[in-house]
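here is my input, please return the structure:
(one chain, ligands or ions: 1)
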Amino acid sequence: MSSSGGPLARTTYMHQEEGAALTSDVTTLKFEDFPPAFKGAVLRPGDDGYSQARQLWNMRRGDDSPALIVQPIDVLDVVDAVKYARQQSISIAIRSGGHGVDGHAMPHDALVIDFSRMKNIHVDPETGRATLEAGILLGEMDSATQEFGYAVPAGVVSETGVAGLALGGGIGHLSRRFGATVDSMLSIEVVTVEGEQLTVSADSHPDLFWGIRGAGHNLAIATSFTFQAYKVGPQVVSGVLVYSPGEAIALCSGIDAAMAKSPRDLSIATVFTQAPPLPGLPEELVGTPLMLAIVVYVGPVEDYEAAMTEVNALATPMADMVRPSTWCEANSLGDLFQPSGRRYHSGGGYAAATSGELAELALNLVAAAPPPTSPATGCLIGFPMLGGALLDGDEDSCAFSRRGAAWLCETVAMWDNDGADDEFMNWVDDSVDAMAPYLTGNGYINLTADRGAEWLPGVYGSPEKWQRIVELKRTWDPDNVLSYNKNVLRAADRDRL
Ligand SMILES: Cc1cc2nc3c(=O)[nH]c(=O)nc-3n(C[C@H](O)[C@H](O)[C@H](O)COP(=O)(O)OP(=O)(O)OC[C@H]3O[C@@H](n4cnc5c(N)ncnc54)[C@H](O)[C@@H]3O)c2cc1C
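Residues are numbered from 1 along each chain as shown. Purely as a prediction, here's the structure:
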């Protein structure tokens, strides 16, 4: 690693935690001397486009005002922005899709590198290799790859950024069939905090490649990715089944055994929630605790019923909205559940198995949740099924932890008024604590809010893996230039701070 650029001073931001007092040292600078050679947009508070650019999915961070948002159009712009930040001794925030629940993408007073203008994507129809820039969103990646009949295994909501997702792991409807997004990552182009451009892969900086696949937000600035995509669709089967509480418990009592006998082309995510107004759902059930099962089947359409035989033997849904669809329709079903512009908090982990007991607990927690503040969903506990190809991958193959990950467990609250923050956030935190005895202890960094420095090391699954991640952070970003994330140095140095 080169040592160009001066040593970085530890800025006032380096240890700023969510909710900590804001400082104005950087804001007063206004970055008026930002390099004129930069070709993309440079937005300061009050500029046209600034308000639109600073919007994030989570409105709970909606009042933060970055001091400067820069929107590079190519890698050289990214290098310019990074070198400038080093000269000024300031840390850098990065926005790709703006879907991180902690709102680290647009922090108050920060200098933000916003990738929303870097959207080139190329799919090789022969090999299925997809190369895409860091501003690409999941829906855009699906549309481009589906033109040639491919899909990259990734997440389930169209507006999530590929970059933030892939750097943390990446799971979704195709995980059981093809593994995590990091398992399909062939190489990644980065700009280091020294402003150096690198290609990172199994053959080039393999140690960094190990770390970037799971702890990537902490290590370098990703500018583009190359993934191996797989043949999927375009015709698949997808939709939602609705189960009463009793049938939900019956289904969850046997679903592990049933899915073990079902093809990996079948993916199911159970969602316990106060029922939203869904087409086909009797009005008197809206607002009562129910279980939805989001089903996606990517095998031959005519084999769907056979694939569901074992699952259907367990319980009878009260509504069945599963139909043939395109892959793009299937992979945007999740868009309905967590729209942009509401206030959010989340937490979770992995479950090695599910059970009637866990389903009953989830139903009770949802029943005790604060009532929704709009006609849409309020609080939910989701269990997307993992296992399969995801568990074929070696736990030590990369920083992303998967040990025991038969199911993801994700507890999410969404609401609309800041006066209700404590009520909804406490519900999430208490629910995660209540489910802890059923969870594995490790977890998935991307689908939970930051639970602090004590919690972070355990997410990565073992002290050895954590140590390796800390060493990589000390090598590639010793001064914590990349501090707006679930921060490795803050956790590693927690006893010294
Ligand atoms: C509605 C919703 C649905 C989701 N569904 C899924 C899902 O199905 N599967 C799944 O795996 N995850 C899912 N996630 C979680 C998602 O993977 C993470 O929130 C991820 O961080 C989002 O990436 P982003 O680029 O949109 O985030 P941003 O908010 O832009 O960034 C999040 C973090 O990543 C860092 N970062 C972003 N871009 C870069 C970059 N180019 N280089 C270095 N660091 C970068 C930022 O510094 C920040 O710390 C979902 C999130 C939401 C809000």
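
let me see the ranges of the helices in the stretch 201-350 of the chain.
For the stretch 201-350 of the chain, applying DSSP state H, counting those that start in this stretch gives helices covering 206-215, 245-260, 304-307, 309-312, 327-330.

what residues does the stretch 351-497 of the chain have near the ligand?
Residues of the stretch 351-497 of the chain found near the ligand (C-beta under 6 Å from any ligand atom) are 446, 447, 484, 485. For every residue, glycine as well, the C-beta is placed using N, CA and C.

farthest-apart pair in these, please.
447 and 484 (18.2 Å; C-beta to C-beta).

where does pLDDT dip in the protein?
Regions of the chain meeting the criterion pLDDT under 70 cover residues 1-29, 495-497.

at 80 what do you get?
The chain contains residues with pLDDT under 80 at 1-30, 276-281, 375-376, 495-497.

near the ligand, which residues of it are found?
Neighbours of the ligand within the chain, by C-beta under 6 Å from any ligand atom: 57, 94-101, 104-105, 115, 134, 155-157, 160-161, 163-165, 167-168, 170-172, 217, 221-222, 338, 446-447, 484-485.

looking at those, which are in helices?
Per DSSP state H, helices hold the following members of the residues of the chain next to the ligand: 163, 164, 165, 167, 168.

weed out the non-buried ones from the residues you listed.
Neighbour counting with 16 or more other C-beta atoms under 10 Å marks 163, 164, 165, 167, 168 as buried within these.

just name the most buried of the helices of the stretch 201-350 of the chain.
helix 206-215 (a mean of 23; mean count of other C-beta atoms under 10 Å).

which elements pack onto it?
The contact analysis (3 or more C-beta pairs under 8 Å, 6 or more residues apart in numbering; DSSP states H and E) places helix 206-215 against helix 162-168, strand 185-191, strand 197-201, helix 463-476.

among the ones you listed, which is the most enclosed?
Highest mean neighbour count of these: helix 162-168, a mean of 29 (counted as mean count of other C-beta under 10 Å).

got the contact list for it?
94, 96-97, 99-100, 105, 115, 132, 134-138, 141, 154-155, 181-182, 185, 212-217, 222, 225, 227, 400, 444-446 (C-beta atoms under 8 Å, 6 or more residues apart in numbering).

so which of the residues of the chain next to the ligand belong to strands?
For the residues of the chain next to the ligand, the ones inside strands are 94, 95, 221, 222, with DSSP state E as the criterion.

bridging residues for the first one?
Partner residues in beta bridges with residue 94: residue 113, with DSSP bridges as the criterion.

look up how far residue 323 lies from it.
Look at residue 94 and residue 323: by C-beta to C-beta, to the nearest Å, they are 39 Å apart.

between the two, which has more neighbouring residues?
Higher neighbour count among residue 94 and residue 323: residue 94, with 25 against 12, using other C-beta atoms under 10 Å.

pretty sure the more buried one contacts residue 223?
No: here residue 94 does not reach residue 223: they are 10.5 Å apart, not a contact under C-beta atoms under 8 Å.

what touches both of those two?
With C-beta under 8 Å, 6+ apart as the test, residue 94 and residue 223 both reach residue 115.

can you pull out the strands in the stretch 351-497 of the chain?
For the stretch 351-497 of the chain, the strands defined by DSSP state E, counting those that start in this stretch cover 379-384, 407-415.

mean neighbour count added to those strands, as a markdown table?
Formatted as a markdown table, the strands of the stretch 351-497 of the chain follow (neighbours: other C-beta atoms under 10 Å):
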| stretch | mean neighbour count |
| --- | --- |
| strand 379-384 | 24 |
| strand 407-415 | 26 |
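
okay but residue 472 is in contact with residue 215, surely?
Yes: here residue 472 reaches residue 215: they are 7.1 Å apart, a contact under C-beta under 8 Å.

from the buried ones among the ones in helices among the residues of the chain next to the ligand, which is closest to residue 269?
Closest to residue 269, out of all of these and judged by C-beta to C-beta, is residue 165, at 16.2 Å.

the closest one and residue 360: what is the separation?
32 Å.

go on, residue 374?
As judged by C-beta to C-beta, residue 374 and residue 360 stand 28 Å apart.

comparing those two, which shows the higher neighbour count?
Using other C-beta under 10 Å as the criterion, residue 374 and residue 360 rank with residue 360 on top: 16 against 13.

residue boundaries of the strands in the stretch 1-150 of the chain?
Using DSSP E, counting those that start in this stretch, strands in the stretch 1-150 of the chain cover 41-43, 68-71, 92-95, 111-114, 121-123, 129-133, 150-151.

most tightly packed of these?
Using mean count of other C-beta under 10 Å, strand 150-151 ranks as the most buried of those, with a mean of 28.

so which elements touch that one?
strand 230-231.

can you tell me what sits against the strand it packs on?
Contacts for strand 230-231 (C-beta under 8 Å, 6+ apart): 128, 149, 150, 151, 152, 153, 174, 177, 178, 184.

hmm, residue 296 and the fourth one touching each other?
No: in this structure, residue 151 is not within contact of residue 296 by C-beta under 8 Å, at 11.1 Å.

what is in contact with these two at once?
Any residue near both residue 151 and residue 296 by C-beta under 8 Å, 6+ apart counts here, and that gives residue 331.

okay, stretch 393-401 in PDB with CA atoms only?
Taking Å, rounded to 0.1, in the frame of the first residue of the first chain, the C-alpha atoms of stretch 393-401 are listed here in PDB:
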ATOM      1  CA  GLY A 393     -20.000 -21.800   1.400                       C
ATOM      2  CA  ASP A 394     -17.100 -22.000   3.800                       C
ATOM      3  CA  GLU A 395     -17.500 -19.800   6.900                       C
ATOM      4  CA  ASP A 396     -13.800 -18.800   6.600                       C
ATOM      5  CA  SER A 397     -13.900 -18.000   2.900                       C
ATOM      6  CA  CYS A 398     -14.600 -14.300   3.500                       C
ATOM      7  CA  ALA A 399     -15.500 -11.900   6.300                       C
ATOM      8  CA  PHE A 400     -19.200 -12.400   5.900                       C
ATOM      9  CA  SER A 401     -20.400 -14.800   8.500                       C
END
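
roughly how far does residue 434 sit from residue 367?
13 Å.

looking at those two, which one has more neighbours?
Higher neighbour count among residue 434 and residue 367: residue 434, with 15 against 12, using other C-beta under 10 Å.

quickly note the distance from the more buried one to the ligand.
Computed as C-beta to the nearest ligand atom, to the nearest Å, the residue 434 to the ligand distance reads 23 Å.
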